[in-house]
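Asker: mind folding the following:
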Amino acid sequence: MQPFDLELNNSNYAVFPEGNEIYTIYKDGKEYVQIQKDEGEQWIKFDAETGTPVFVQDEEVNALGRLIMAYKEEPEEDNEEEF
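Answerer: Modelled structure (predicted):
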């Protein structure tokens, strides 16, 4: 999967898939957080210094996760023109 952009609460995010449902998120052009899908609708963020999971509910992280899942579920656009 290629990197893609999202917008949430008037902030721009660049999402870089890392594999295993892990994503590195850049907010307004700066590295912001790394997140991973947990069970259900929950997402886990990783501590920036240690790289260990932080098991605290974070609504922004969960909102980004929902947007990521919605992006992944969108069908690929066909670049061919219909006649």
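Asker: please name the nearest non-neighbouring residue to Ala48.
Answerer: Computed as Cβ to Cβ, 6 or more residues apart in numbering, the closest residue to Ala48 that is not its neighbour in sequence is Val33, at 7.2 Å. For glycine as for every other residue, the C-beta is placed from the backbone atoms N, C-alpha and C.
Asker: actually Tyr26, not the one I wrote
Answerer: Counting by Cβ to Cβ, 6+ apart, the residue nearest Tyr26 is Ala14, at 4.2 Å.
Asker: what does Pro17 give?
Answerer: Met1 (4.4 Å).
Asker: do you know the pLDDT at that neighbour?
Answerer: At Met1, the model reports a pLDDT of 80.
Asker: make residue 1 into 587 and carry on from there
Answerer: Sounds good: first residue 587 from here, last item Met587.
Asker: what are the ranges of the helices in the protein?
Answerer: 645-659 (DSSP state H).
Asker: before we move on, the earlier item: would you agree the residue nearest to Tyr612 is in contact with Ile611?
Answerer: Yes. With contact defined as Cβ atoms under 8 Å, Ala600 reaches Ile611; the gap is 7.3 Å.
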